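J.: below: sequence and its predicted model.
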Protein chains: 2
Amino acid sequence: MSSIPAVPAANRLLNALPDTDREHLLAHCESVELIFAEVLYLAGTKIPHVYFPTSSFISLVTPVDGDTGLEVGLIGNEGILGITLILGVDIAPFQALVQGAGSALRISVPVFLQELERSRPLQQELKRYLYVSMSQLAQTAACNRFHLVEARLARWLLMTHDRAHADTFHVTHIFLAYILGVRRVGITKAALSLQAQKLISYRRGDITVLDRSGLEAAACECYRTERATYERILGTY
Amino acid sequence: MSSIPAVPAANRLLNALPDTDREHLLAHCESVELIFAEVLYLAGTKIPHVYFPTSSFISLVTPVDGDTGLEVGLIGNEGILGITLILGVDIAPFQALVQGAGSALRISVPVFLQELERSRPLQQELKRYLYVSMSQLAQTAACNRFHLVEARLARWLLMTHDRAHADTFHVTHIFLAYILGVRRVGITKAALSLQAQKLISYRRGDITVLDRSGLEAAACECYRTERATYERILGTY
DNA sequence: GCTTGTCTGTATGTTAGCGCACAAACAGGC
DNA sequence: GCCTGTTTGTGCGCTAACATACAGACAAGC
C-alpha cells in the first residue's frame, strides 16, 4: 500500500464523472486558495459554499462542551465539503477548518444544487462518498475509544500524508491535541516515540514522514480498515 | 422535556408521510416480532430487509479489533434500519442487533427501493433522518472520548427510555459494557452510583427508570444536544 | 433439593492519560 | 542584538478505567 499518487490540480470525485457532467460543473466553479487554519463552516450554521479540495485538505471537527473539539472527518482531493446538501439539509453539522493550505474548487450552494439535480452521475458519486464518510466517522469513534494516542497519531499522520501529496506538512502539537482530543503533552510524548523509531521527524510544526510502512505498522487497524472501505465503495486509489 | 409519548403500533417516519404514500408502503410491509439480542445485519454483508421499528428498538454496533464493539446508533420507532440504501449502497456498514424485543414493520430491499423511487416525501424524510443519524454518530464519538462512564450510562438509559415506551427494560451489565465499550465492572460501579442516587433501580437485567429528570441531570450535554438536532431537522417529538 | 449457569458485587494492582506548572529552544519583529 | 510570542520538552501528583480474580445472589432445570 503506497501513498496516493499526486494529482495536484484535480479532485477525484470530479475526475470520476463523465466528461460532459464534469465540464458542466467546472464551468460554475471558481478556484480559490485556502489558508491554513481558516474556518470554512461553523457547526450549526448555513453552508455558504461547496468545496472540492484539489491540493488543500480540510478537517471536520465536532464541538464538545464549548471549548474542546474532536475531528470526525478529513477531506482531501478524494472528497467534498458540503456533502449534507445532497440530503436536502443546508446546515453544516460540523466545523470545517483548513488543515492543509492549498487550492480548492468552490461553487455556490444554489448552483451546486442545480447541477446536482441535473447530473445523475454526480448524485451517485456523492451518495457513495457520503456512505464512506459515515463509515469513517464510526471507525473514528471506535478508534478514539479504544486505541492508544501513539497509534491514533500514526493513523492521523497516514491519513494526512495521503491527502497532502507531500512528505512534509505543517501541524503543531497543540493543534494535533485539539484534533485528537488529548492533551498537548500526550502528543509530544507520542511524537517523540515515533521520532525515536525514525518514522517521522519534526521541527516547530513541520512534520516529515520518513518511513511510511513503519508508520503503518505503528498505526491501529483503523487506517487499513478505512482504506479498504474507500476502495470497496469508491474504487481503487 | 418529557419522555416520548407512546405510539405503540406506529413508526414516526411513516406517520410523517402523506396518507397515500404511507398506505402504499404499508401495503408491502409485513409485521414481524423481533427477539432480544437477535442479529439483523452483520457489518459488511448485504442488507437482507429494511425495518421500521414500532415497539422494538435496535442497536447499531461497529466492530473493533475482532472481539469488541461500540454502539454508534440506536433506532426506535423514530427511525429506520437500512438507511444506507438511499445512498445506493446495499452493504450494511454496522452490525444491527435487537436491543428491545417488540414488533417492527419489515419490507424487502427491492420493494423498498421501488417505493423509494416512487415517493418523493419518503426520500425527503429518509434523507433528513440520515442527516440526524450522522449528527448522532459524531456526538457519540465525542461523548465516548470525553465523558465519564456514569454520564454516558445515564445518557444511554435516557435514549433507550425514549425508545422503549416503558420505564422498565431488559439489559444486563455485560451487555451495557459491550455497548458502551467499557468493562463490565465499570458499568456495575456506574449503575450502583445511579441507583444510590435513586435515579434507577435494577435487578438481574431489569432496569427501571425512577427519576427521569434526575437522570437528565446526571447525563452529559450530549443527550440534550442530540435531541435538539432531531427536533430541528425532523420536527418535534 | 441440588446443580448449573447467569448476573452482580468486591478486591488488588496497574496504567494511560489528565491537570498543572515550568523550563528550554527557537523565530520573527523592531 | 534584544524582546516577545510560539513551540516543544519535562516533572509530579492524581484518577478513571484497565485486567484479573473471586464470591455471593439468584433463577431455572432436573
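T.: That came through fine. None of the values given here were measured: they were computed from a predicted structure.

J.: let's verify A:Tyr51: helix, strand, or coil?
T.: Secondary structure for A:Tyr51, judged by DSSP: H, G, I helix; E, B strand; the rest coil, is strand.

J.: now do stretch A:34-43: distance from first to last residue.
T.: Counting by C-alpha to C-alpha, to the nearest Å, you get 19 Å between the two ends of stretch A:34-43.

J.: please enumerate the helices of chain A.
T.: Assigned by DSSP state H, chain A shows helices spanning A:12-15, A:19-26, A:109-118, A:120-146, A:149-164, A:173-180, A:184-196, A:212-218, A:221-234.

J.: quick one: is the fourth one near DNA strand D?
T.: No: looking at helix A:120-146 against DNA strand D by C-beta under 7 Å from any atom of the strand, there are no contacts, and the closest approach is 8.1 Å. Where C-beta positions appear, they are placed from N, C-alpha and C, glycine not excepted.

J.: what about that helix and DNA strand C, any contact?
T.: No: Helix A:120-146 stays clear of DNA strand C (C-beta under 7 Å from any atom of the strand), getting no nearer than 9.3 Å.

J.: flag every buried residue along that helix.
T.: Along helix A:120-146, these residues count as buried under the neighbour rule (16 or more other C-beta atoms under 10 Å in any protein chain shown): A:122, A:125-146.

J.: okay, angle between it and helix A:149-164 too, please.
T.: Angle of helix A:120-146 versus helix A:149-164, following axes from the mean of the first three to the mean of the last three C-alpha atoms, to 10 degrees, is 160 degrees.

J.: does chain B sit close to helix A:120-146?
T.: Yes: legend: contact between helix A:120-146 and chain B by C-beta under 8 Å from any C-beta of the partner chain is shown at A:124, A:127-128, A:130-131, A:134-135, A:137-146.

J.: can you list contacts of stretch A:49-56?
T.: Residues outside stretch A:49-56 that contact it (C-beta atoms under 8 Å, 6 or more residues apart in numbering or on different chains) are A:8-11, A:13-14, A:29, A:31-32, A:34, A:40, A:58, A:75-77, A:79-82, A:85, A:98, A:100-109, A:112, A:163, A:165.

J.: so where is chain A shaky, pLDDT-wise?
T.: Applying pLDDT under 70 to chain A flags residues A:1-9, A:236-237.

J.: what parts of it come near chain B?
T.: Contacts of chain A with chain B, taken as C-beta under 8 Å from any C-beta, map to A:62, A:64-65, A:68-70, A:72, A:84, A:86-89, A:91, A:93-94, A:124, A:127-128, A:130-131, A:134-135, A:137-146, A:181, A:221, A:232-233.

J.: any idea how far A:Leu87 is from B:Leu126?
T.: Using C-beta to C-beta, to the nearest Å, A:Leu87 is found at 9 Å from B:Leu126.

J.: and what of A:Gly69?
T.: Taken as C-beta to C-beta, the span from A:Gly69 to B:Leu126 is 29 Å.

J.: looking at chain A, which residue is nearest chain B?
T.: Residue of chain A nearest chain B, by C-beta to the nearest C-beta: A:Ala141 (3.4 Å).

J.: just checking, that residue touches B:Leu137?
T.: Yes: at 6.7 Å, A:Ala141 counts as touching B:Leu137 under the criterion of C-beta atoms under 8 Å.

J.: tell me how many other residues surround A:Ile80.
T.: 27 (other C-beta atoms under 10 Å in any protein chain shown).

J.: how is chain A carved up into domains?
T.: The domain map for chain A lists A:12-144, A:148-219, with the assignment taken from automatic domain parsing.

J.: tell me how far the shortest one lies from the chain's centre.
T.: Right, the one you point to is domain A:148-219. Here the centre of domain A:148-219 is set off from its chain's centre by 15 Å, with C-alpha atoms, centre = their mean, to the nearest Å.

J.: is any part of it close to DNA strand C?
T.: Yes: for domain A:148-219, a contact with DNA strand C is found by C-beta under 7 Å from any atom of the strand, at A:Leu148, A:Val149, A:Glu150, A:Gly181, A:Val182, A:Arg183, A:Val185, A:Gly186, A:Arg204.

J.: where do the contact lists of A:Leu87 and B:Leu126 overlap?
T.: Contact criterion C-beta under 8 Å, 6+ apart; residues shared by A:Leu87 and B:Leu126: none found.

J.: just list the residues touching the nearest residue to A:Leu180 once chain neighbours are set aside, thanks.
T.: Spatially, and ignoring its direct neighbours in sequence, A:Leu180 is nearest to A:Arg152 (5.7 Å; C-beta to C-beta, 6 or more residues apart in numbering or on different chains). Contacts for A:Arg152 were tallied using C-beta under 8 Å, 6+ apart; they are A:Cys143, A:Asn144, A:Leu180, A:Ala219, A:Cys220.

J.: likewise for A:Leu113?
T.: Contacts of A:Leu113 (C-beta under 8 Å, 6+ apart): A:Leu85.

J.: any idea how far it is from DNA strand D?
T.: Distance check for A:Leu113 against DNA strand D: by C-beta to the nearest atom of the strand, to the nearest Å, it reads 38 Å.

J.: ok, that residue to B:Ser55 distance?
T.: Between A:Leu113 and B:Ser55 the distance is 38 Å, computed by C-beta to C-beta.

J.: one more: A:Ala92?
T.: Where B:Ser55 is concerned, A:Ala92 sits at a distance of 35 Å (C-beta to C-beta).

J.: and A:Leu40, by the same measure?
T.: Distance, A:Leu40 to B:Ser55, using C-beta to C-beta: 43 Å.

J.: likewise A:Val39?
T.: According to C-beta to C-beta, A:Val39 and B:Ser55 sit 44 Å apart.

J.: neighbour count: those two, which is higher?
T.: The neighbour comparison of A:Val39 against B:Ser55 (other C-beta under 10 Å) goes to B:Ser55, with 23 against 10.

J.: phi, psi for that one please.
T.: Phi and psi for B:Ser55, reported as degrees, to the nearest 10, are phi -110, psi -10.

J.: now it. Nearest residue, chain neighbours left out?
T.: Spatial nearest neighbour of B:Ser55, excluding adjacent residues (C-beta to C-beta, 6+ apart): B:Gly102 at 3.5 Å.

J.: what's the local residue count around the one you found?
T.: B:Gly102, neighbours per other C-beta under 10 Å, totals 23.

J.: alright, that wraps it up for me.
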